[in-house]
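> Return a 3D structure for these sequence lines:
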Amino acid sequence: MSFFSNLLIPVLLAAIFLTALFKRVDILRAFGKGVLDGLQVVLDMFPALLLLTLAVGAFSASGALNVLSSALKVPAKLLGLPQEVIPLTLLRPLSGSGALVIFEQILSEVGPDSFAGRVASVLMGSTETTFYTIALYCSAANIQKSRYAAPASLCADLMGFLASAAVVRWLMG
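So this is what the prediction gives:
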């Protein structure tokens, strides 16, 4: 299998080169156009991604994450979520890297085999960085009105959070 996987990229590149040669396509010009198109996509998405990054940094650095986590302890307990994962549920829709930091803190504090560690693990694998994804795809597709995207995605995230705790409780006891 390793032999075939090592040959895959050279064969693919040769096929592209031969197809371009057969169809008389200027490879250099086509490559340059592709690079320019890719850079334009990056430039179009940059403002939304920069705003999102700054907002996440301000949210975490201001202490708002801790205050909101404390305020949500009782509702989270009623819903079956361990209190250790509350900051993760708040940050996961906003930032994948920020959520990864919180996830690592949870694992180092309570351990990966604890209920909270298992819920956090399932939660990280079954939810998405909602606002990053919306910003990225709406910018890339030039969608101006994403009216229901955020509310629907946040409802899906909430169900993912609750299902993570329920499934871990059901499977692991």
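> And the contacts of the helix or strand of the chain with the lowest mean pLDDT?
Every helix and strand of the chain was ranked by mean pLDDT, DSSP states H and E. The lowest is helix 130-140, at a mean of 81. Judged by CB atoms under 8 Å, 6 or more residues apart in numbering, the contacts made with helix 130-140 from elsewhere in the structure are 41, 44-45, 48-49, 51-52, 93-96, 143, 146, 149-150, 153-154, 156-157. For every residue, glycine as well, the C-beta is placed using N, CA and C.
> residues of stretch 61-78 that come out buried?
For stretch 61-78, the buried set under the neighbour-count rule, 16 or more other CB atoms under 10 Å, comprises 65, 69, 72, 76.
> Residues contacting that stretch, please?
Residues from elsewhere that reach stretch 61-78 (CB under 8 Å, 6+ apart): 59, 82, 83, 85, 86, 87, 89, 90, 91.
> can you pull the contacts of the third one?
With contacts taken as CB under 8 Å, 6+ apart, residue 83 has the following neighbours: 69, 73, 76, 77, 116.
> For the spatially most central residue of the chain, grab phi and psi.
The centroid of the chain falls nearest to residue 129 when counting by CA atoms, centre = their mean (3.6 Å). Main-chain dihedrals, residue 129, degrees, to the nearest 10: phi -80, psi 80.
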